[in-house]
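Engineer: Fold the following.
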Amino acid sequence: MKLLSSVLSLLAMLFLFSGKAHTQEIVHDAEYYILEAQNGEVWKVEDQELDQKLAELREKYGQPPNIVHFMWDDQPFGAVGIPAMQQIRGYRTPNLNQMAAEGMLFTRMYSEPSCTPTRAAAWSGQHPIRNGMYKVGFPIEYSGIAKDVVTVGEVMSEAGYATGFYGKAHLGDVAESWPHHQGFDESFTAIYNQVVSLWNPQAEAANAVVGLFEEALPRNPYKLDHTFSPKGYVFYIEGTKGGETREWCGIEVECYMQFDKEASKRALAFIAKNAKQKKPFFVEWWPLFTPFIPAPQKASLQRGLVGDAYTVNLDPTVGLLMKTLNDLDIAENTLVVAMSDNGPMTHNPPPGAGLGEGPFRGGKGDFLEGGVRVAAQAWWPGVIEPGQIADDIFHVTDLYTTFARLGGALKHIPTDRVIDGIDQTALLLIGDTHGRRDYVHIYAGPQLGATIKGQYKVHWISSDQSQARSGITSAFDLYNDHREVNPLVVNALHFKEPFRRMRARHEVWIRKYPHMPAASGLAYADIVNPRPETRALSNPPVDFKRLPFDPREVLDELEKLPYDPGGEPDYGR
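Structural biologist: Numbering: from 1, shown residues only. Okay, the predicted model is just below:
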């Protein structure tokens with residue numbers, strides 16, 4: 001009976017989490033409670049030390065720490081912070097490398113597989129499947145992140161922070177998705193991604209984009225539908241909390257080329273203003289990074305868009321940020337986290353992009369390590385010990401909860417939903433081996449693609465479907481097979497049921513806390529200075545009353561369509 005009782009107790013912990021999740025102020029994913037049950041007492045002691053350290057810092061500086069989240073696109077682990085790997089790729093980033101040397105370099109920072117999902121994860125602290133933001137958006141979406149999502153901007157604003165957003169949001173084109181409607185005091189926003197750098201007559205003439213600017217072609221006498229490829233796109237907006245939304249510049253390629261410069265100017269001005277007023281600030285600075293139009297004069301030996309963008313744009317900007325923080329004498333009270341949003345575009349990248357794989361296989365869109373294990377580092381002079389390399393698992397959602405902890409804003413995080421982000425303050429302030437996560441679930445669009453536990457990883461979507469159905473033939477040891485090409489079979493069969501239980505716990509929690517949908521509606525609705533062609537999108541010269549269906553129903557139906565996340569040709573097919 002004692003043995004049976006012990007077994008039942010173990011099962012209760014594995015499947016019911018000992019009821020602890022119901023008593024937590026913040027609801028995390030199921031796996032967290034397995035870790036907390038085993039490590040909670042140690043964490044309580046650490047938390048007391050951390051609270052004392054943060055209190056001392058607040059007393060010293062008279063306010064909580066400033067926070068800057070600097071994130072750019074499509075770069076693998078090793079792209080910055082490791083000079084030897086840059087030597088191989090043919091470019092250098094001295095400022096970003098200095099930041100890594102003076103702070104903490106992460107070897108296991110995980111993102112989501114693509115731009116929109118990662119940005120939604122950073123904003124919400126949730127895997128984007130939970131809030132409908134798992135799709136990569138392109139003009140015109142008629143959708144975006146919903147107002148019911150409680151963003152990191154809202155959480156930090158509630159705690160008294162000045163909040164600013166500068167750069168690429170890529171989180172929707174409906175009004176409720178704009179950063180200044182999602183908790184940021186001011187925003188200067190690129191609505192979409194880098195592909196719009198090609199949406200111009202010059203690119204049409206070079207066949208870099210096809211069928212967008214029909215005025216470059218002879219008149220097509222067979223064309224009947226003039227609404228299929230709408231005009232009136234808006235690429236850049238500016239706004240303030242409670243204020244107006246205005247289109248900035250236009251859609252010309254010259255506007256794209258000026259956007260990052262203007263974002264830099266505004267971000268640094270926001271930092272300087274709040275430093276002078278001694279008000280803590282939270283800044284998300286997410287540059288567009290690079291256009292898909294090659295410059296005739298190459299700036300790096302790589303000859304690629306990436307190397308040139310690092311050399312001319314991104315790295316000097318980071319250097320200016322660090323100099324500004326030092327000149328304002330606030331560097332020692334400012335945390336900077338710099339990272340890529342996902343792996344490189346290795347599947348059909350634009351010509352000359354320089355978007356090759358890093359040490360891991362795969363890239364943007366993949367649940368392979370190359371798609372989600374990214375370049376990342378943290379810098380906080382005097383607080384984060386310099387020269388650290390952390391091998392703890394860190395997920396992009398963890399930034400949400402960690403920033404809130406540092407800013408005294410945990411009480412503003414909602415408790416009616418799962419927050420996937422784990423507080424990783426101990427890792428930042430104490431160091432390597434003090435992380436609080438040993439797992440990651442990786443989604444491929446709406447499907448669970450893979451799960452990581454420690455150094456082991458299982459692919460739920462397999463390139464060999466028949467073998468996958470027969471047993472655990474897609475388990476990988478990431479220390480010995482970091483490119484995920486040699487799945488373990490007999491020597492890993494003992495992982496089959498533990499991984500299945502792990503997934504079952506995750507699924508049970510999804511049923512308890514159902515997913516939220518993304519928002520849908522008219523695009524660009526609250527822009528006060530729309531161009532005529534933009535205004536026509538909401539009131540097109542078409543008699544929709546003659547249609548036997550309501551076009552508004554289409555917006556809801558779009559969310560139900562099958563989704564193919566792309567990725568390797570044989571995955572999930």
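Engineer: other SSEs contacting the longest helix that the chain contains?
Structural biologist: What stands out as the longest helix in the chain, according to DSSP state H, is helix 30-61. If contacts are counted by 3 or more C-beta pairs under 8 Å, 6 or more residues apart in numbering; DSSP states H and E, helix 30-61 sits against helix 2-16, helix 425-430, helix 496-512. C-beta coordinates here come from the backbone N, C-alpha and C atoms, glycine included.
Engineer: The second one: what's the following helix or strand?
Structural biologist: The C-terminal neighbour of helix 425-430 among helices and strands, as given by DSSP states H and E, is strand 439-444.
Engineer: For the longest helix of the chain, give the mean pLDDT please.
Structural biologist: Helix 30-61 shows a mean pLDDT of 98 in the predicted model.
Engineer: and it with helix 496-512, angle?
Structural biologist: Interaxial angle, helix 30-61 versus helix 496-512 (axes from the mean of the first three to the mean of the last three C-alpha atoms, to 10 degrees): 70 degrees.
Engineer: Grab the most central residue of the chain for me.
Structural biologist: Note on the chain: the residue nearest the mean C-alpha position is T118, at 2.2 Å, using C-alpha atoms, centre = their mean.
Engineer: Please look at that one and M339 and confirm they touch.
Structural biologist: No. If you go by C-beta atoms under 8 Å, T118 and M339 don't touch, sitting 9.4 Å apart.
Engineer: shared neighbours, the two?
Structural biologist: 71, 111, 396 (C-beta atoms under 8 Å, 6 or more residues apart in numbering).
Engineer: partner residues bridging M339?
Structural biologist: Beta-bridge partners recorded for M339 (DSSP bridges): M71, A376.
Engineer: State the distance from it to L368.
Structural biologist: Spatial separation of M339 from L368 under the definition C-beta to C-beta, to the nearest Å is 18 Å.
Engineer: quick one: which of these two has more around it?
Structural biologist: With neighbours defined as other C-beta atoms under 10 Å, M339 and L368 compare such that L368 has more, 29 against 23.
Engineer: Excluding covalently adjacent residues, which one is nearest to G164?
Structural biologist: Among residues not flanking G164 along the chain, F270 sits closest, at 4.3 Å (C-beta to C-beta, 6 or more residues apart in numbering).
Engineer: check contacts around the residue nearest to the centre of the chain.
Structural biologist: 71, 111-112, 341-342, 396.
Engineer: What is the nearest of those residues to D260?
Structural biologist: M71 (13.1 Å; C-beta to C-beta).
Engineer: Mind pulling up the pLDDT for the residue nearest to the centre of the chain?
Structural biologist: At T118, pLDDT is 98.
Engineer: Is it correct that it falls within a strand?
Structural biologist: No. Counting by DSSP: H, G, I helix; E, B strand; the rest coil, T118 falls outside a strand, being helix.
Engineer: on that earlier part again, most neighbours of all the shared contacts of T118 and M339, which one?
Structural biologist: The residue in the shared contacts of T118 and M339 with the most neighbours, by other C-beta under 10 Å, is V396 (29 neighbours).
Engineer: Hmm, that residue is touching P113, no?
Structural biologist: No. Assessed by C-beta under 8 Å, V396 is found out of contact with P113, at 11.3 Å.
Engineer: could you point out where this protein is predicted with low confidence?
Structural biologist: Applying pLDDT under 70 to the chain flags residues 1-24, 464-473, 540-545, 551-552, 555-556, 559-560, 562-573.
Engineer: repeat that for 80
Structural biologist: The chain contains residues with pLDDT under 80 at 1-24, 230, 294-297, 463-473, 538-573.
Engineer: Who are the contact partners of the nearest residue to M516 once chain neighbours are set aside?
Structural biologist: Closest residue to M516 apart from its sequence neighbours, by C-beta to C-beta, 6+ apart: N131 at 4.9 Å. Going by C-beta under 8 Å, 6+ apart, N131 touches 120, 124, 145-146, 149, 515-518.
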